[in-house]
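Colleague: sequence first, predicted coordinates after that:
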Amino acid sequence: MTGQKKQAVLKRFYFRNFTIMVVIPLLVVFIGAFSVVSYLIRQTAVETIDAFQDSVVSALENDIRTASLQLSHFVYTNDGEFPAMAAQVHQAANADQYFTYSQQLDQAFHTAVVPSQDILSGMFYMKDGGSVYMADKIILPVDAVQASGWYARARRDPNQVQIGGYDTNRVRLTYTGQRRNVLILVAAMALDTSSDKSGQIDLLAFFTSTQAGDVIRRARGREELGRTVLLDENGQVLYGDFGSQALQEYFAAHTGMFSADSQLHRAPLRENGGSALFLFRSRPIPDTGWTLVTFIEEAQLTRGFRQVGSALVLVVAGLLGLFYLFSRRFLNAIVAPIQTVAQGMRQLVNNDLDIQVEPSGHEEIRDLMESFNQMVLSLKNMLAINEEAHRRKHAAEMQALQSQINPHFIVNTLNSIRFMAQVSGHDGIRRMAAALISIVSCSFRSNVSPYTVREELEVLDSYVYLMQIRYSEGFEVHYQIQPECEGYLLPRLILQPLVENAITHGLTEMDEELGQVWISVYCEGDSLCLEVRDNGQGMTPEQIEQILRGRPRTKEDNTSIGLENVLARIRLYYGPLAKMEVESQPNVSTCVRLRLPLNRCEKEEAHDPDTDRG
């Protein structure tokens with residue numbers, strides 16, 4: 001039973017990794033490729049729709065421009081001759097006069113607007129509610145015409161052409177010759193006294209069939225173009241519903257929604273009335289307030305590709321199934337012989353270095369078992385050797401880090417002595433030499449022998465004296481030492497690099513303000529804290545990060561080693577609980593704080609301090 005469980009674990013491990021490393025990446029690549037190709041196909045469909053909309057907009061703009069020019073020409077030709085003729089028709093005293101004047105106006109109309117085969121009618125709407133028509137009469141009631149948006153806009157802006165439209169599938173405009181599903185364009189202009197000297201005409205309108213409606217109508221049979229509607233300035237369907245009440249109601253309920261270029265919405269616009277996700281592509285018609293909207297079912301854009309993709313999915317699934325059967329057969333053939341090795345490895349994980357397995361099974365697996373036995377023996381010997389090497393390496397690293405500070409400091413000290421000899425007499429050299437001897441004697445002590453906080457502060461006094469001479473008394477040092485902390489034992493030269501860093505990097509760039517250094521030693525919680533604070537130029541967060549993280553060095557790289565050296569030594573000496581904290585504000589202050597675990601800090605026997613550093 002245990003062997004079967006182990007085999008099941010190995011099989012699960014194999015199939016889990018196979019799924020993660022093969023199946024999932026394959027599916028991700030397949031889905032990614034499918035998405036990219038689907039996107040490209042969708043973009044191609046959008047470009048096709050855009051090209052179709054360009055043709056509709058171009059035809060509509062051309063017809064609007066032609067109708068506007070014809071209307072303006074008709075109004076202003078011969079100093080308002082035609083509006084005067086319309087007023088004459090309207091004022092005819094009897095039927096004979098009316099017929100005569102109407103024939104003259106109609107003939108003048110056909111002459112003025114040649115070619116005029118697309119103009120269904122020209123209508124003069126009079127201020128008293130009457131009307132005069134040319135070509136064919138518009139049978140819409142006058143009150144219905146006056147209630148339309150284009151009529152109101154034309155009256156609001158006299159002598160300016162305004163555009164309107166009608167769908168002959170929904171509105172009957174003339175008695176005879178009107179085809180269904182035709183988009184009729186209305187170009188209208190209200191006349192003032194400058195163009196209508198009779199003062200009787202309220203508005204002139206040309207009703208023209210536009211080629212744009214034919215383009216929209218012919219596109220209905222092409223699946224890649226979906227369906228197209230023309231919305232008026234109020235968002236209502238002006239043309240293109242072709243009798244679909246559901247389509248009219250949908251756009252009426254969603255006015256103002258189709259102003260962007262492309263949108264995806266679920267809408268009940270299928271031919272059978274069903275709901276689906278549609279891509280809506282909108283295009284505004286300049287100078288009209290109208291919007292051309294083409295919509296096509298999203299699934300239809302990539303229908304052919306999805307069918308091919310489904311077939312590919314079945315093929316990939318079949319291949320994965322065959323590979324699964326092969327994997328089961330392969331695993332069953334090799335899993336049992338290697339269980340002994342797996343068990344041995346588990347014992348090895350539990351630090352059983354005396355484990356040896358009995359070789360069995362196929363030749364390659366026997367070689368594996370023998371290699372395992374040899375590996376265990378080698379590991380056992382290696383651990384013993386490594387433990388001794390680690391101990392020696394620890395001592396060597398401690399010694400190397402401890403001595404690394406000596407040449408760095410001696411160079412600075414000798415520079416100070418040289419500087420003293422150059423700028424002054426021999427007075428003071430004795431004290432500098434004595435201070436130097438104190439520091440050098442400290443650095444030459446045994447690398448592994450610690451000394452007390454009190455002794456560290458005595459060496460620090462000598463260093464501060466030398467630095468004050470070097471920098472011409474350019475800073476002051478203050479001590480804040482808890483007396484009970486002076487007996488704790490420290491590695492050599494822990495505080496000196498912190499003070500050196502504060503002086504050389506923090507205070508040397510100060511102009512007028514006197515540099516200040518505060519040295520504090522105190523106990524806080526379960527930590528012994530050694531703190532050096534200055535009022536110098538501070539450090540950036542990047543500099544602090546580099547100090548705390550450290551950086552790779554070559555043998556010749558001895559720059560900026562102070563703080564990194566101290567951090568490395570306290571970690572070696574006190575373990576991972578030892579910390580260095582750096583707090584700094586640029587151009588304000590820097591505080592470097594060492595936190596040493598008290599349970600790792602040894603203390604000398606009671607001692608009466610003879611120096612008061614308050």
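Modeller: Nice, thanks for sending it over.
Colleague: ok, and what's touching whichever helix or strand L548 is part of?
Modeller: Under the criterion of DSSP states H and E, L548 resides in helix 541-549. The contact list for helix 541-549, computed with C-beta atoms under 8 Å, 6 or more residues apart in numbering, reads M539, L563, E564, L567, M580, V582, S584. For glycine as for every other residue, the C-beta is placed from the backbone atoms N, C-alpha and C.
Colleague: contact partners for the nearest residue to D167 once chain neighbours are set aside?
Modeller: Using C-beta to C-beta, 6 or more residues apart in numbering and skipping the chain neighbours, the partner closest in space to D167 is Y239 (4.6 Å). By C-beta under 8 Å, 6+ apart, the residues touching Y239 are G165, D167, L183, G213, I216, V229, L230.
Colleague: again, only using 6 Å
Modeller: Contacts for Y239 (C-beta atoms under 6 Å, 6 or more residues apart in numbering) come out as D167, L183, G213, L230.
Colleague: cool, H90 as well?
Modeller: Per C-beta under 6 Å, 6+ apart, neighbours of H90: M126, G130, V132.
Colleague: count the neighbours of the first one for me.
Modeller: Translated: M126. 18 (other C-beta atoms under 10 Å).
Colleague: now the last one
Modeller: Neighbour count for V132, taken as other C-beta under 10 Å: 25.
Colleague: now do the SS call for it.
Modeller: strand (DSSP: H, G, I helix; E, B strand; the rest coil).
Colleague: so it touches G122, yeah?
Modeller: No. Between V132 and G122 there is no contact under C-beta atoms under 6 Å: 8.9 Å.
Colleague: what is the closest residue to A260 other than its chain neighbours paired to in the beta sheet?
Modeller: Once flanking residues are discounted, A260 sits nearest to S282: 6.4 Å by C-beta to C-beta, 6+ apart. On DSSP bridges, the residues paired with S282 through beta bridges are V293.
Colleague: separation between S282 and S327?
Modeller: Distance of S282 to S327, computed by C-beta to C-beta, to the nearest Å: 53 Å.
Colleague: what's downstream of the lowest-mean-pLDDT helix or strand in the chain, the next helix or strand?
Modeller: Lowest on mean pLDDT, DSSP states H and E among the helices and strands of the chain sits helix 429-443, with a mean of 65. As assigned by DSSP H and E, the chain's next helix or strand after helix 429-443 is strand 451-452.
Colleague: so in that sheet, which strands flank that following strand, and in what orientation?
Modeller: Assessed with DSSP bridges, strand 451-452 is paired to strand 489-490 (antiparallel).
Colleague: can you list the contacts of H90 in CSV and add distance to F30 and pLDDT?
Modeller: Shown next, in CSV, are the contacts of H90 (distance: C-beta to C-beta, whole Å; pLDDT from 0 to 100):
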residue, distance to F30, pLDDT
M126, 72, 93
G130, 73, 91
V132, 71, 93
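Colleague: can you list contacts of stretch 467-476?
Modeller: Against stretch 467-476 from outside (C-beta under 6 Å, 6+ apart): S416, I503, L507, G515, Q516.
Colleague: which of the residues you listed has the most neighbours?
Modeller: Neighbour-wise, the contacts of stretch 467-476 (other C-beta under 10 Å) top out at I503, 24 neighbours.
Colleague: give me the neighbour count for the residue lying closest to that one once chain neighbours are set aside.
Modeller: With sequence-adjacent residues excluded and distances taken as C-beta to C-beta, 6+ apart, I503 is closest to M467, at 5.3 Å. The tally of other residues near M467 (other C-beta under 10 Å) stands at 23.
Colleague: now do the end-to-end distance for stretch 531-545.
Modeller: Chord length of stretch 531-545, first to last residue, is 19 Å (C-alpha to C-alpha, to the nearest Å).
Colleague: and what of stretch 157-169?
Modeller: First residue to last in stretch 157-169 (C-alpha to C-alpha) measures 30 Å.
Colleague: coming back round to it: the more surrounded of S282 and S327?
Modeller: S282 (18 against 14).
Colleague: wait, that one touches V293, no?
Modeller: Yes. Counting by C-beta under 6 Å, S282 does reach V293; the two are 5.1 Å apart.
Colleague: quick check: neighbours shared by those two?
Modeller: Residues touching both S282 and V293 (C-beta under 6 Å, 6+ apart): F258.
Colleague: can you give me the helices for the stretch 251-400 of the chain?
Modeller: 298-301, 303-334, 339-349, 363-423 (DSSP state H, counting those that start in this stretch).
Colleague: I'd like the mean pLDDT over the second one, please.
Modeller: Just to be clear, that refers to helix 303-334. The average pLDDT within helix 303-334 is 75.
Colleague: that one: how far from the chain's middle?
Modeller: 36 Å (C-alpha atoms, centre = their mean, to the nearest Å).
Colleague: for that helix, packing partners?
Modeller: Here helix 303-334 touches no other helix or strand, going by 3 or more C-beta pairs under 6 Å, 6 or more residues apart in numbering; DSSP states H and E.
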